[in-house]
Structure formats: structure tokens, C-alpha cells
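**Q** Coordinates for the following, if possible.
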Amino acid sequence: MGDRARPLDAGRTAGGTAAGAPNRPRFLGRARSIGIAMVGLLIALGIILTVGGAAPPPRTTRPLLLGGVISGPEGPIALPVDAPAAPPTDAERAWLAQGTVPGATPRYRAMAERALLDMRVLTQPDGSVAAAWFGIWKYVWPRDAAWVAAAFTATGHDREALAVLRRLAALQRPDGTWEARYRLDGGPVGDKRAAQLDGNGWVPWAVWFWYVHQDPKAPETVAALGELWPTVRKAGDAAAGRLRTNGLPPRGPDYWETRTDQVTLGTAAPLSAGLRAAADLARRTGSAPDAQRWTGASDRLDRGIREVFGPHDYPRTPTAKGGADTAVTWLGPPFAGADAQVANAVRRSAELLTLPNGGILPGEHWAGDPTAAWTPETASFALFSAASGDRAGAERRLDWLADHRTAFGSLPEKVDKNGKPASVAPLAWTSATVLLSLVALDEPLPIP
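**A** Residues are numbered from 1 along each chain as shown. Next up, the predicted model:
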């Protein structure tokens, strides 16, 4: 989010010696000037990040940087912004045929086909999923990767889904959590960005989502779950262990990747889904103590969300001025059962967050460009509608997303105020969410 990197506030580096201030040695003044110039250069290049990645997101939106990606002999190849659409190759058609391409209309199927192929290109042989194939997006975010695994699962591309889940298991920290993001080789990014606890919800949910689509008695399913179960157990226990006396997790950055002094729905909602998913997976596999432990934790968390966020219509932070947030969509289908109060909050949030260009802003108090729509958020509202049985609402969002693809047919990260694709394309998270939405229009998605 926020162009995925947060440059320091250049205004804080400006300044000079005030009149009457003590004179400093000339070489110190020159060194200071050089230092300031270097900081300015690094800011311009987008290299410097604040501790925790917590600076406000940029107030302007970058123009489209690439129009799509294709497979090359040595990895993904970025395409120019005006690259025209091209039919799938024979190899791509063969891969698509290994699963299904959702969509009730030719237009939806074309969008789904390109989204699947884009996810495939962004997924490396070891299962690492690049958020996008450009600069500061060329990292693995556990959140994005978990959604990609679920989308591969939902479309029957189980080999790719399992590769992504295994990679996420390998990246898990010893304490059961995940870093905010990783290099594609699995190494730390080194920007001191704070860890984001939502991965402890999304990864167990993705493992559960994969499992319920498999034959539980098949030897390959049993073997794969044996590999992934330690990851689920550590993630579930880490999530449960971080809940406070009111049932909610501690404050910390979420998908906005900005500093916050309060707990956010963007952390609480994924953890709720993940704990329920982990508990159900434990019940299905005969791990009664784990199931009981995580059910108790999820009950406490759900009660905390209802009691603390609910009275304010499920805003980003639990106050009357917390502001609407896209994360409210993660409190309902396909992540939780239908709830009338949540559904009303989703409708109200959609009204508040829909921009003149037709897309969705991350939140009412989003500090970035207030005129640019974000496609993962728009697709999240589509997914909620599709999984809730609101076909017309889902199709309205999906039609908008289809209308704002690049010339190549890929889904961009943003759409600017003029209705033009912006930032990067394709974005893995958007591709995954659109695919899940299209599947949900064809058949019910499982709910933990």
C-alpha cells in the first residue's frame, strides 16, 4: 500500500543556520550540505524508508509504470504500458486447462484468464510471489501470497498453490509470525519495516482453504498437510498469545503499512478468519487440544471485535472517528458467516469510500492520494458481495475492474482520478481477489 514504500518527509530535512546562530567550522557546514543533498537524492529515488515503514503514503499517484508481464527464458519480462493484448501461448493454454477459468461471460473469462497467467508469472519456481514485477514491488508480502495460494486453489491449480504455501511456511519466523515482506530469495529486506501480524491470519486461512478443496484421505494431501501443520500451529499459537485482555490484538501496522497508535480492523479481521480456520483444520484432522485452544481464542477475538468495533459500525480504529475501512469486508463471507450488522457496515463503508472514478479508497482517513482508487480494495468489496449472494453488487465492481485494466489486459494496482490505470500492473493481490470473486459467483466458497 502507499506505493509499497514510504519516503521520508523531505520537509524535515530542510533548514539552515538562523541569523545570529554560532558559526560552525566550514567543513562541517559543507558536510551537512552534502548530507542533506544525499538525503534528498535518496528520497527522490525512493530508497530511504522510515523505521517501521510508517511515513504517510505519497499524496500523488505514479503513472502506469508497466503494462503487464510475460514469462521469459530467465524469468518474468516487464511489458511497456501500451503493450497490446496477446492470446495465450500453447503452453499457457495447456496450463490453464489443468484447472478452471472462472467467469460466466466471455469478458469475465478473459479477465480471469489473464489474472491467472499473471499470477503464474509472478510466482517463482520456489513459490515466492512477487507483488508486482517492478522495483519496490518486487518482494514477497505474506498477505498477498496467501491470497494468491487461495486463488490457485479455487481454480484447481493445486501444484502452484502448494508451492506458495510451502514457501510461506519456510519464511515463517521462529516466533510463529512473519515479516512485513521478504526479498524473493527469502532474505530480509533490511528497511526496518515493522512486522505485520495479519499474516498470522491470512496464512492459516490459506492453508485451510487449500485443505478443504482436497481429498483428505489422499496420500499426497496427508503428506502436504504434514509439512504445513507446524506452520499453522505456530501461527495460531502466536496469534492467540498476542490477544489482550479485551480480546483484541495489539496495535501495529496492517495492510496500510503506516504507523498507528490503535489496534486496527485490518489486523483484527484477518486474525479472526485465521484462528477460526486453524481451529476447523484442527478439528478435521483430529487435533482436539489445538482446536479447543484456537476456538477459545477466536471466540474472545470475535467478541472483542463486536464489543469494541461494532458500536462504531466497524471502522478502521475502534472510535467514533475511526473512519470507514475496506477491512470491514473481511468480517463477512467468505471469511466469516453472514452477519446483518457487518453487512450494513459494508454497505455504508462502500458509500463512503467509493470515489468519483468509481473505484474504492482504502479508508476514509487514507493519508495518500485521495483521488486514486485501489484495485485490491475494490475487489475486496466485489468478493464480499459475490460470497454474500449479491450478484448485482459483485458484478458492478467486477465490471469496473474489467473496464480499468491495462491494454495488455492486466489488473493495475491503482486507477487515477482520470480513470487511467496507474502504478504497476499486474498486481498479484488484485488478480487473486478478482479470481476468488469470479469463482464465488459460480459456486459458494467455503467459510471457516
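**Q** Assign the nearest residue to residue 137 once chain neighbours are set aside to helix, strand or coil.
**A** Leaving aside its chain neighbours, residue 137 sits nearest to residue 131 (4.6 Å; criterion: CB to CB, 6 or more residues apart in numbering). All C-beta spots, glycine's among them, are computed from the backbone N, C-alpha and C. Of the three states, residue 131 takes coil under DSSP: H, G, I helix; E, B strand; the rest coil.
**Q** how far away is residue 131 from residue 257?
**A** Counting by CB to CB, to the nearest Å, the gap from residue 131 to residue 257 is 12 Å.
**Q** rewinding a little: and the residue nearest to residue 137, what is it in contact with?
**A** By CB atoms under 8 Å, 6 or more residues apart in numbering, the contact set of residue 131 is 4, 122, 137, 138, 139, 140, 141, 144, 181, 427, 428, 429.
**Q** And residue 330, by the same measure?
**A** Residue 330 touches 265, 269, 270, 273, 336, 380, counting by CB under 8 Å, 6+ apart.
**Q** Helices - which of these land there?
**A** For the contacts of residue 330, membership in helices holds for 265, 269, 270, 273, 380, with DSSP state H as the criterion.
**Q** Looking at these, which one is closest to residue 225?
**A** The nearest member of the ones in helices among the contacts of residue 330 to residue 225, counting by CB to CB, is residue 273 at 19.0 Å.
**Q** Next, count neighbours for that closest one.
**A** Number of residues near residue 273 (other CB atoms under 10 Å) recorded here: 24.
**Q** got it, and residue 260?
**A** Counted by other CB under 10 Å, the residues lying close to residue 260 total 16.
**Q** got it, and residue 236?
**A** Residue 236 has 29 neighbouring residues, counting by other CB under 10 Å.
**Q** any idea how far it is from residue 211?
**A** Going from residue 236 to residue 211 by CB to CB gives 14 Å.
**Q** same question, residue 435
**A** 19 Å.
**Q** ok, those two, which is more surrounded?
**A** residue 435 (27 against 23).
**Q** show me the contacts for residue 61.
**A** Residue 61 touches 369, 371, 372, 414, 416, 417, 422, 423, counting by CB under 8 Å, 6+ apart.
**Q** any weak-confidence spans in this protein?
**A** Scanning the chain for pLDDT under 70 picks out 1-56.
**Q** Mind jotting down where the strands sit in it?
**A** Here the chain has its strands, by DSSP state E, at 68-72, 75-79, 373-374, 414-415, 421-422.
**Q** want to throw those strands into CSV with distance to residue 349 and mean neighbour count?
**A** Converted to CSV, those look like this (distance: least, CB to CB, whole Å; neighbours: other CB atoms under 10 Å):
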stretch, distance to residue 349, mean neighbour count
strand 68-72, 31, 19
strand 75-79, 34, 17
strand 373-374, 14, 30
strand 414-415, 19, 28
strand 421-422, 23, 24
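**Q** could these go into a markdown table alongside distance to residue 161?
**A** Listed next are these as a markdown table, based on distance: least, CB to CB, whole Å:
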| stretch | distance to residue 161 |
| --- | --- |
| strand 68-72 | 19 |
| strand 75-79 | 19 |
| strand 373-374 | 25 |
| strand 414-415 | 27 |
| strand 421-422 | 28 |
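**Q** For residue 114, which of those is the nearest?
**A** Using CB to CB, those put strand 68-72 closest to residue 114, at 8.0 Å.
**Q** which residues of the stretch 51-200 of the chain fall in helices?
**A** Secondary structure of the stretch 51-200 of the chain (DSSP state H, counting those that start in this stretch): helices at 90-96, 106-122, 142-154, 158-171, 199-212.
**Q** With distance to residue 286 added, can I get those in JSON lines?
**A** JSON lines is the format used below for these (distance: least, CB to CB, whole Å):
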{"stretch": "helix 90-96", "distance to residue 286": "35"}
{"stretch": "helix 106-122", "distance to residue 286": "33"}
{"stretch": "helix 142-154", "distance to residue 286": "22"}
{"stretch": "helix 158-171", "distance to residue 286": "21"}
{"stretch": "helix 199-212", "distance to residue 286": "13"}
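**Q** Any idea which of these gets closest to residue 84?
**A** helix 106-122 (12.6 Å).
**Q** Which strands and helices lie in contact with the closest one?
**A** strand 68-72, helix 90-96, helix 142-154, helix 391-403, helix 428-442 (3 or more CB pairs under 8 Å, 6 or more residues apart in numbering; DSSP states H and E).
**Q** Report the inter-axis angle for that helix versus strand 68-72.
**A** 50 degrees (axes from the mean of the first three to the mean of the last three CA atoms, to 10 degrees).
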